[in-house]
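Novice: give me the fold of what follows.
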Amino acid sequence: MRFRAAAVVSWSLVVAGLARADAVDLSPAGPRRFALGGEIGYFSDDQGASSLYLVAPRFAGQYALDERWAIAADFGVVGVLQSPDMGSGEQLAVRPGNPTAFMLWHADVAGTRFRIGFGGAAPLAVIERDASSRLQRTAYDYAQALSGLWDVWVWAPSRGAIVGYGKLERDLHPEARLELTLAPALLIPAREAFTRDSVDVFLPVAIDLSSHKGPVRFGLRLQAVLMPTAEPDALQLALAPHVRLDLGSGFVEARYTANLDEPLAGARGPRSWGLHLGGGGAL
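Specialist: Model prediction:
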């Protein structure tokens, strides 16, 4: 019997990332059913009179119940530092993300690998009403932009979420792979937003084409996030080149997210991008 578990590099991992990171193959009938992974997302911006630096570390784990089923969880923290170009007055804000958990099922059919999951996020993220509330809002906004809104529920303050996940993988060639991913989500207002705001719908879809030579894999991911409840910007496109190095039962990975259009590429929104460095493996 062969167990599989995923090490998350980004929620660009059970859903942005269990999706972006391939499964880690565990030894047949061995004790290693558990996988751990982590990632650091980074963004910086020169805002004229000040500079902004953001880091978003994330941690995830997955436990294989058997050869078909697994449970996975992910949690992140975001920190932002705003520093004036002249004089003193630096501001720092550190905020938690929304912990997310999934039940995952996978199967191989005629050379095509399927993964299906269902889960949700608890509304731990919140903006406190104090002098740093504006910077806290900025931290969450840029954290969402790190992955082109793909995993927006992780960084949505005062929001819980119900999230689905589907992925199809097929080898087009011994050295080429095609992946299609879907991650629909309902963002549900919580706390003070429960009676004020409506439920938001997000429909992220992505296609990823990659090629490998030995332990090194290069790929390019095109993703679209449909937001039918958001006006006037109901679509966010992003392009994410990535490279991965397999190391036995683990891996390291680097990924860059380039937002291609509004709202995250100017005009009515920030010009944002995301650099992601991470890795993981089976224990």
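Novice: in three-state terms, label residue 128 for me.
Specialist: Three-state assignment for residue 128 (DSSP: H, G, I helix; E, B strand; the rest coil): coil.
Novice: against residue 155, how distant is the residue nearest to it when sequence neighbours are not counted?
Specialist: Leaving aside its sequence neighbours, residue 128 sits nearest to residue 136 (CB to CB, 6 or more residues apart in numbering; 6.5 Å). Where C-beta positions appear, they are placed from N, C-alpha and C, glycine not excepted. Per CB to CB, to the nearest Å, residue 136 is found 11 Å from residue 155.
Novice: looking at these two, which one has more neighbours?
Specialist: residue 155 (27 against 21; other CB atoms under 10 Å).
Novice: now do the same contact list for that one.
Specialist: 56, 76, 78, 97, 98, 125, 140, 143, 144 (CB atoms under 8 Å, 6 or more residues apart in numbering).
Novice: is the second one bridged to anything, and to what?
Specialist: When you say that, I think you mean residue 76. residue 58 (DSSP bridges).
Novice: that one - how many residues pack around it?
Specialist: Around residue 76 there are 27 residues (other CB under 10 Å).
Novice: who's in contact with it?
Specialist: Counting by CB under 8 Å, 6+ apart, residue 76 has contacts 11, 56, 57, 58, 59, 96, 97, 143, 154, 155.
Novice: for the stretch 51-200 of the chain, give me the ranges with low pLDDT.
Specialist: For the stretch 51-200 of the chain, applying pLDDT under 70 flags the ranges 87.
Novice: residue ranges of the strands in it, please?
Specialist: 69-84, 91-96, 100-109, 112-121, 159-173, 176-182, 185-189, 200-213 (DSSP state E, counting those that start in this stretch).
Novice: for the fifth one, which positions count as buried?
Specialist: For strand 159-173, the buried set under the neighbour-count rule, 16 or more other CB atoms under 10 Å, comprises 159, 160, 161, 163, 164, 165, 166, 167, 169.
Novice: now the third one
Specialist: Within strand 100-109, the residues that count as buried by 16+ other CB under 10 Å are 100, 102, 104, 106.
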